[in-house]
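Participant: could you work out the structure for the sequence below:
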Amino acid sequence: MKYLNDITKDCVGKICKSKLSGDFKILKYSNNRNVEVQFLKTGYEATVELVQVKRGNVKDPYSPSVYGVGILGTKYPSTINGIHTKEYKLWQNMLVRCYSDSSKKRRPTYEGCEVSDNFKNYEYFYEWCHKQIGFSNQDWHLDKDLLAKGNKVYSETTCVFLPNEINSLLTKRTALRGEYLIGVSWDKRGMAFISRVRKNTGKSEYLGSFNTELEAFNAYKVAKELFIKEQAEKWKDKIDPRAYEALMNYQVEITD
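Facilitator: Sure thing, here's the model as predicted:
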């Protein structure tokens with residue numbers, strides 16, 4: 001059998017290749033089941049079996065391995081009893097949105113999005129999550145758009161956790177909106193532009209009919225911004241102060 005690294009027990013000091021994690025150096029050989037190695041790029045050390053060295057099946061948890069960019073590390077588990085942890089699912093989903101071609105085809109709004117260097121590190125992301133208001137709450141979502149409208153980067157300065165009630169309020173549904181400005185539709189029977197605003201009930205509230213599309217949009221803008229402020233006050237004592245401030249200053253744009 002041909003091995004990736006054709007070595008014997010007389011291998012201390014030799015540089016070998018791994019299949020996925022780059023080159024590593026053999027530091028110590030005790031026996032076939034105890035070979036100490038160190039990866040050249042990250043300095044990570046591990047004890048492995050000689051056959052793993054030969055086959056190149058030695059992995060460095062500090063090399064980018066999740067969607068080509070994510071660094072898992074060793075400090076925190078990604079699964080408990082075979083189930084992915086909440087922290088890992090958040091982290092993986094974030095990487096999927098930004099770096100999975102198939103995912104971006106299904107959800108083109110994430111085209112051009114990226115993850116900061118710090119957030120690419122699972123250990124850092126894990127610790128950041130546990131310091132955030134709302135992380136431990138059920139059905140709260142990681143949001144990157146509220147603090148910096150139009151933002152394309154997941155980072156500690158742009159992300160907050162929001163309750164579903166607020167998160168869904170800010171979610172754009174461009175594909176469902178049609179050809180008119182946000183909050184506006186055309187009434188063929190009445191030959192007028194209709195303005196409606198969707199609130200947390202799931203139903204649209206009728207705001208009136210107007211002669212122009214712009215008038216209908218402006219009615220929507222006023223109603224939407226007012227409702228967002230109402231939600232900000234409702235959740236003021238539970239959400240991140242940065243989120244509260246952003247909600248109070250939120251503006252609906254004609255390009256939304």
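Participant: what's the helix or strand for the residue of the chain most remote from its centre?
Facilitator: Computed with C-alpha atoms, centre = their mean, the residue of the chain farthest from its C-alpha average is D10, at 46.2 Å. Following DSSP states H and E, there is no helix or strand that holds D10.
Participant: how close does the closest residue in space to it that isn't next to it in sequence get to T42?
Facilitator: The shortest distance from D10 to any non-neighbouring residue, by C-beta to C-beta, 6 or more residues apart in numbering, is to Y29 (7.9 Å). Quick note: C-beta positions are derived from backbone N, CA and C, even for glycine. Counting by C-beta to C-beta, to the nearest Å, the gap from Y29 to T42 is 21 Å.
Participant: more neighbours, the two?
Facilitator: Ranked by neighbour count (other C-beta atoms under 10 Å), Y29 and T42 place Y29 first, with 20 against 15.
Participant: coming back round to it: please list all residues in contact with the residue nearest to D10.
Facilitator: With contacts defined as C-beta atoms under 8 Å, 6 or more residues apart in numbering, Y29 is in contact with 9-12, 35-36, 50.
Participant: and these, which two are furthest apart?
Facilitator: D10 and E36 (15.0 Å; C-beta to C-beta).
Participant: thinking again about what came up before, among the contacts of Y29, the buried ones, what's the ChimeraX command?
Facilitator: Buried subset of the contacts of Y29, written as a ChimeraX selection, criterion 16 or more other C-beta atoms under 10 Å:
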select :11,35,50
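Participant: relative to G73, which of the contacts of Y29 is nearest.
Facilitator: Of all the contacts of Y29, E36 has the smallest distance to G73: 19.5 Å, by C-beta to C-beta.
Participant: surely the closest one is within a strand?
Facilitator: Yes. Assessed with DSSP: H, G, I helix; E, B strand; the rest coil, E36 lies in a strand.
Participant: number of nearby residues for the nearest residue to Y3 once chain neighbours are set aside?
Facilitator: Once flanking residues are discounted, Y3 sits nearest to K54: 3.9 Å by C-beta to C-beta, 6+ apart. Other residues near K54 number 20, with proximity taken as other C-beta under 10 Å.
Participant: would you quantify the distance from K54 to C11?
Facilitator: 10 Å.
Participant: ok, N164 next?
Facilitator: For N164 relative to C11 (C-beta to C-beta), the value is 56 Å.
Participant: ok, Y3 next?
Facilitator: Taking C-beta to C-beta, one finds Y3 at 12 Å from C11.
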